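Engineer: Have a look at this fold, sequence not included:
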């Protein structure tokens with residue numbers, strides 16, 4: 001048994017602020033985000049260049065809400081995110097994008113990560129072809 005956090009279906013486990021954290025966006029967290037910012041479909045379009053890009057505040061708030069969905073208290077999630085400096089913003093942006101994608105398509109988290117370019121394709125037994 002590993003000690004790293006395990007995310008539920010549609011969720012994400014990421015190293016954040018020195019610990020493995022579970023994050024998930026449920027309807028309640030999505031609605032809280034929309035009450036403070038804008039609709040998540042508009043946000044989704046922004047992540048992919050079809051609308052206004054998410055601001056750092058939007059990305060940080062979405063990740064904080066993901067932490068709340070994963071079981072962290074509101075104030076603890078806000079403090080954890082607030083304590084991360086601006087050098088974390090790009091990673092927070094990527095986490096926010098992934099969280100929203102998993103909320104929309106939870107089955108995407110069930111698929112194995114694609115092989116990096118240049119990796120030899122693997123056979124079913126785990127050995128490389130070629």
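Structural biologist: Perfect, I can see it now. Not measured: the values here are computed from a predicted model.

Engineer: okay, CA-based contacts and neighbour counts for the rest of this
Structural biologist: Will do.

Engineer: How much space separates residue 68 from residue 78?
Structural biologist: Between residue 68 and residue 78 the computed distance is 9 Å (Cα to Cα, to the nearest Å).

Engineer: burial of the closest residue to residue 40 other than its chain neighbours, as a residue count?
Structural biologist: Nearest residue to residue 40 in three dimensions, chain neighbours excluded: residue 34, at 6.7 Å (Cα to Cα, 6 or more residues apart in numbering). Using other Cα atoms under 10 Å, residue 34 has 15 other residues around it.

Engineer: just residue 25 next, same as before
Structural biologist: 28.

Engineer: Might one say that it is in contact with residue 65?
Structural biologist: Yes - contact criterion Cα atoms under 8 Å: residue 25 and residue 65 qualify, at 6.9 Å.

Engineer: List phi and psi for residue 99.
Structural biologist: phi -60, psi -50 (degrees, to the nearest 10).

Engineer: contacting residues for it?
Structural biologist: By Cα atoms under 8 Å, 6 or more residues apart in numbering, the contact list for residue 99 reads 11, 12, 23, 24, 25, 63, 66.

Engineer: partners of the second one in the sheet?
Structural biologist: Yep, that's residue 12 we're talking about. Beta-bridge partners for residue 12, by DSSP bridges, are residue 23.

Engineer: follow-up on the earlier one: among the contacts of residue 99, which one sits closest to residue 53?
Structural biologist: Sorting the contacts of residue 99 by how near they are to residue 53, with Cα to Cα, puts residue 63 at the top with 15.8 Å.

Engineer: which SSE is the closest one in?
Structural biologist: In the assignment (DSSP states H and E), residue 63 maps to helix 56-69.

Engineer: So for the helix or strand that that helix is followed by, what gets flagged as buried?
Structural biologist: Moving toward the C-terminus from helix 56-69, the next helix or strand (DSSP H and E) is helix 74-82. If you call a residue buried by 16 or more other Cα atoms under 10 Å, then helix 74-82 has these buried ones: 77, 78, 81.
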